[in-house]
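Undergrad: 3D model of this:
(2 chains)
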Amino acid sequence: MKFSQLFTKTSKTAVSDADSINAKLLTQAGFITKQMAGVYVFLPLGLRVLNKIENTIREEMNKIGGNEVLMPTLTLEENYEITGRDKTLTDVFYRTSGAGESKIVLNPTHEEIVTPLVQKFVFSYQDLPKSVYQFQTKFRNEARAKSGLLRGREFRMKDMYSFHADEKDLDAYYEEVTKAYFRVYDRLGLGNGRTILTYASGGAFSKYSHEYQTLSSIGEDTIYICEKCQVAVNKEIADEQNVCPKCGNKDLKEEKAIEVGNIFKLMDKFTGPFKFLYQNEKGEQQVAQMGCYGIGPSRIMGTIVEVYNDEKGIIWPESVAPYKVHLMSLGKEEESKKEAEKIYQELSQKNIEVLFDDRGNSSAGEKLADADLIGLPYRVVVSKKTMEKGGVEVKKRNEENVEIIKAKDLIKILS
RNA sequence: CGGGGUGUAGCUCAAUUGGCUAGAGCGCUUGGUUUGGGACCAAGAGGUUGCAGGUUCAAGUCCUGUCACCCCGACCA
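TA: A predicted model of the protein is given here:
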């Protein structure tokens, strides 16, 4: 991608209503722009990041047998009357209406849609287990949207739902998902102890649910970490005597964290009301058991920026960076411009993702500052200076040192 | 949803006790000079001061209402 083709711009000043590092930097660098409180446009750079996050999650869900679907945004409120959640979710609903008297809601979650959906195809124990997921835009009328992408009113969510013959089978799959989620966070740069499996409220049907909490001072949640087990307990369920649910350790460390995932054993909470029955080996009707597993890709994007930034801008992990390489030429010399253009063509042909700052009228300082702000993993500079030294300059965004290498060795280094 | 704060150019902000044609920086346009850390000179374009009503000779400034945004709290399936 050439910089000159991007319709967005970076900004020297941050917008005044940015309330967090992620809102400030993502807006200033041209990844997102706010449309209203808690509602953002994903601009070209931001959409690439979001897509990379979603594709990473998609790959891991597919590995554990997930069926990807796309459920609707609009649903008749009567679906929620079946489970009684038309009452409990009433504050978060955005309501609208269709032709005639129909009452329609924009789905804040999809248990009431996926349960009757899977029920249409599953009749026997031989059809179980099954796992279904989607990426969807969720709508929740939050009383107070805040912290940029961390708490929006319209946001992206991967929600997966699994259906099982019995609790034992659900437990086994739940374990598999637990591991898959850790693989997701590792790949997105939120692993290595940055994200902690946290015991949280399980509702009426199981003792605990599990949250994935990424340590960050901006986080809304308070968790108590057992450093021996590398698990935590959420303050919302911790009594005065915080103990590790795994080993009984009472010496727990208090931290703030962002909830980046939540998995639940729902048991028959939804399959019951929808009468999702299957026939077992003996020909008896049984209620299917259900689990649900959520990750918010847009919130993850905000979280990554909260974790990876410095005073100059964002520092994207390679796996989610919109492009791998930020290429530019400095100075007015035609040779460096031509060389940069040539490198751009070569890298593009090798499918190395490169953002080429080809702006002719921008100063060196402006280009370098923009590269730091946007935060791609590699910066490649071509100038008279580098060409005299026989090559191009390569610098990693997360390192200070620069090195001059021969242009022909670039592909090797960047592949 | 309760309490508080703020709305002035695309962005960041000025504008004395109400007083003249609402200004500056950034960005944008044109011309020229520049080019390794957000260059410089010159000339320009850009405003229903959130919106509606009121007080006044006179309102960006005061009053009422309303909308939006931000903060604290509550809420967070």
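
Undergrad: Would you mark the buried spots in the longest strand anywhere in chain A?
TA: As assigned by DSSP state E, the longest strand anywhere in chain A is strand A:253-267. For strand A:253-267, a neighbour-count test (16 or more other Cβ atoms under 10 Å) marks A:255, A:257-267 as buried. Just so you know, the C-beta spots here come from the backbone N, C-alpha and C atoms, and that holds for glycine as well.

Undergrad: what's downstream of that strand, the next helix or strand?
TA: strand A:277-279 (DSSP states H and E).

Undergrad: Is residue A:372 in contact with residue A:395, as I believe?
TA: No: applying Cβ atoms under 8 Å as the test, residue A:372 and residue A:395 come out as separate, 10.0 Å apart.

Undergrad: Would you mind listing what in the stretch 201-350 of chain A touches RNA strand B?
TA: A:203, A:220, A:294, A:312, A:330-332 (Cβ under 7 Å from any atom of the strand).

Undergrad: Is there a quick PyMOL command that grabs whichever of those are buried?
TA: If you want just the buried ones from these in PyMOL, going by 16+ other Cβ under 10 Å, the selection is:
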select buried, chain A and resi 294+330+331
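
Undergrad: can you list the residues of the stretch 201-350 of chain A next to RNA strand B in a markdown table and add pLDDT and distance to residue A:323?
TA: Shown next, in a markdown table, are these (pLDDT from 0 to 100; distance: Cβ to Cβ, whole Å):
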| residue | pLDDT | distance to residue A:323 |
| --- | --- | --- |
| A:203 | 66 | 43 |
| A:220 | 93 | 32 |
| A:294 | 97 | 29 |
| A:312 | 95 | 18 |
| A:330 | 95 | 19 |
| A:331 | 91 | 23 |
| A:332 | 89 | 25 |
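
Undergrad: now the helices for the stretch 51-200 of chain A?
TA: Counting by DSSP state H, counting those that start in this stretch, the segments of the stretch 51-200 of chain A that form helices are A:78-83, A:85-88, A:111-119, A:167-187.

Undergrad: The third one and RNA strand B in contact?
TA: Looking back up the chat, that one is helix A:111-119. No: Helix A:111-119 does not reach RNA strand B (Cβ under 7 Å from any atom of the strand); its nearest approach is 7.6 Å.

Undergrad: quick one on the thing from earlier: got TSV for the buried residues of strand A:253-267, with pLDDT too?
TA: Formatted as TSV, the buried residues of strand A:253-267 follow (pLDDT from 0 to 100):
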residue	pLDDT
A:255	94
A:257	96
A:258	96
A:259	96
A:260	97
A:261	96
A:262	95
A:263	96
A:264	93
A:265	95
A:266	95
A:267	95
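
Undergrad: pretty sure residue A:24 is in a helix, no?
TA: Yes: the assignment for residue A:24 (DSSP: H, G, I helix; E, B strand; the rest coil) places it in a helix.

Undergrad: wait, it sits on residue A:14?
TA: Yes: between residue A:24 and residue A:14 a contact is recorded at 4.6 Å, counting by Cβ under 8 Å.

Undergrad: Those two: which is more packed in?
TA: Using other Cβ atoms under 10 Å, the more surrounded residue of residue A:24 and residue A:14 is residue A:24, with 18 against 13.

Undergrad: check contacts around that one.
TA: The neighbours of residue A:24, taking Cβ atoms under 8 Å, 6 or more residues apart in numbering as the test, are A:14-15, A:18, A:148.

Undergrad: Swap in 6 Å and give it another go.
TA: A:14, A:18 (Cβ atoms under 6 Å, 6 or more residues apart in numbering).

Undergrad: ditto for residue A:360
TA: For residue A:360, the contact set (Cβ under 6 Å, 6+ apart) is empty.

Undergrad: Looking at the residue positioned nearest the centre of chain A now. What's its pLDDT?
TA: Closest to where the C-alpha atoms of chain A average out (Cα atoms, centre = their mean) is residue A:297, at 2.3 Å. At residue A:297, the pLDDT value in this model is 97.

Undergrad: Quick check: it touching residue A:53?
TA: Yes: with contact defined as Cβ atoms under 6 Å, residue A:297 counts as touching residue A:53 (4.5 Å).

Undergrad: Run a quick neighbour tally on residue A:369.
TA: Using other Cβ under 10 Å: residue A:369 sits among 16 other residues.

Undergrad: Kindly apply the preceding question to residue A:175 instead.
TA: Residue A:175, neighbours per other Cβ under 10 Å, totals 10.

Undergrad: Out of the helices of the stretch 51-200 of chain A, which is closest to residue A:349?
TA: Nearest to residue A:349 among the helices of the stretch 51-200 of chain A is helix A:167-187; the distance by Cβ to Cβ comes to 26.6 Å.

Undergrad: Bridge partners for residue A:378, pull those for me.
TA: Beta-bridge pairing of residue A:378 under DSSP bridges involves residue A:325, residue A:396.

Undergrad: So what's the residue count around it?
TA: For residue A:378, using other Cβ under 10 Å, the count is 21.

Undergrad: Same question for the one 10 residues further on.
TA: Here the count is done by other Cβ under 10 Å, and residue A:388 has 9 residues near it.
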